[in-house]
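Visitor: for reference, the sequence and a predicted model appear below.
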Amino acid sequence: MDKPLVSVIIPNYNHEPFLAKRISSVLNQDYDNLEVIILDDASEDESRQVIQNYVDKDRRITFVANETNSANTFRQWQKGIDLCSGGLIWIAESDDWADPKLVSEMIPFLADPEVGVTFCASTLVDADNQIIGSSLDLVDGDIIPGSVKVSGKEALMKYHAYYNLIPNASAAIFRKELASFTFLDKKPVPRLVGDKFFWFNILSKSSVVYLEKPLNNFRTHTNNVRSGTSDLDALEENLRFWRLLKRDIFNGNLPRDITRRIVGWWGRLILKGEVGVLDLHCLRIALQCIKIERFLPVRLMVFLIKTKLKNAG
């Protein structure tokens, strides 16, 4: 059977300490029909030298460096995909690394033309390569069945609506033709949950298969996209995502357990003092919540009163 070309994108910004392990794990895959595109987003460390050392040794690598920082990870994803020759894409984040069989074990699922994306389980590791958990620890709801084709609509309604079904792009391979970055045209541009919009676009047009084997190592540390951001920012971006689901997947009515999550998240931020009830930020959230469900602000006030009474008792 012919092996389809898999284009691997390694988007990097200031990940010099992790780059060698990442690039080596891509080049050492036991699947040999790969092209590798490494993007550097104007790193301020010695990343470019590390990358150039590999470029000099392996003709499969194309290296593109930005002179100014793009300020958005997902614009780098888009740039990389535009440069790809293969019909199948693996975005291998620069601080993660992979098992040598990641590509070869996932590619067979994409022989089914209805499957637009496949992803595997991940081992969570820290900056020192120590294991700190599993991708299952990130699941806030039902777990998708393994090695079974699940329709995109079912995946969106049962899983992706509640948590990011594919929390780490390094664990996934998808069809280039399904990639869409329309969410980058909306202001403000998502920084924290752009991947949820990205996977939504693919799942809305195709099925998905999950491989339960932990073939990916997902690194958690302080120098990544989400460091330096707040739960308040994350809530605002997630509200935009849930509005999209309400319109396109749930026929105008989000499930009650999702709206309960919104009220609980919003209420906890107020109780922790991260935002005041009359702050501009909070009012902006209120307007978004009203668009999701008219009485969400009322339910918030009930939540706050009940919580304060419970704590007082």
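Guide: Sure thing, it's come through.
Visitor: other SSEs contacting the helix or strand that contains Val64?
Guide: Secondary structure from DSSP states H and E places Val64 in strand 61-65. Secondary-structure packing of strand 61-65 (3 or more CB pairs under 8 Å, 6 or more residues apart in numbering; DSSP states H and E): strand 34-40, helix 47-55, helix 73-83. Placement of C-beta: from N, CA and C, glycine included.
Visitor: one more time with 10 Å, if that's ok
Guide: Secondary-structure packing of strand 61-65 (3 or more CB pairs under 10 Å, 6 or more residues apart in numbering; DSSP states H and E): strand 6-12, helix 16-27, strand 34-40, helix 47-55, helix 73-83.
Visitor: so that strand versus helix 73-83, what angle?
Guide: For strand 61-65 against helix 73-83, the angle by axes from the mean of the first three to the mean of the last three CA atoms, to 10 degrees is 130 degrees.
Visitor: for strand 61-65, give the mean pLDDT please.
Guide: Mean per-residue pLDDT for strand 61-65: 97.
Visitor: that strand pairs with which strands, parallel or anti?
Guide: Sheet pairing for strand 61-65, assigned by DSSP bridges, gives strand 34-40 (parallel).
Visitor: where does pLDDT dip in the stretch 1-150 of the chain?
Guide: 1 (pLDDT under 70).
Visitor: on that earlier part again, gap between the strand holding Val64 and the chain center?
Guide: 23 Å (CA atoms, centre = their mean, to the nearest Å).
Visitor: with stretch 287-299 instead?
Guide: Centroid separation for stretch 287-299 versus its chain: 27 Å, with CA atoms, centre = their mean.
Visitor: contacting residues around it?
Guide: Surrounding stretch 287-299, the residues in contact under the criterion CB atoms under 10 Å, 6 or more residues apart in numbering are 235-236, 238-240, 242-243, 245-247, 253-254, 256, 258-260, 262-264, 266-267, 277, 282-283, 285-286, 300, 302.
Visitor: next: stretch 150-162.
Guide: 114-117, 139-144, 165-166, 178, 196, 199-200, 202-210, 241-242, 245-246, 248-250, 254-255, 257-258, 261.
Visitor: PyMOL command to pick out the buried ones of those?
Guide: Selection of buried members from the contacts of stretch 150-162 for PyMOL, criterion 16 or more other CB atoms under 10 Å:
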select buried, resi 115+116+117+139+144+165+166+178+196+199+200+202+203+204+206+207+208+209+210+241+242+245+246+249+254+258+261
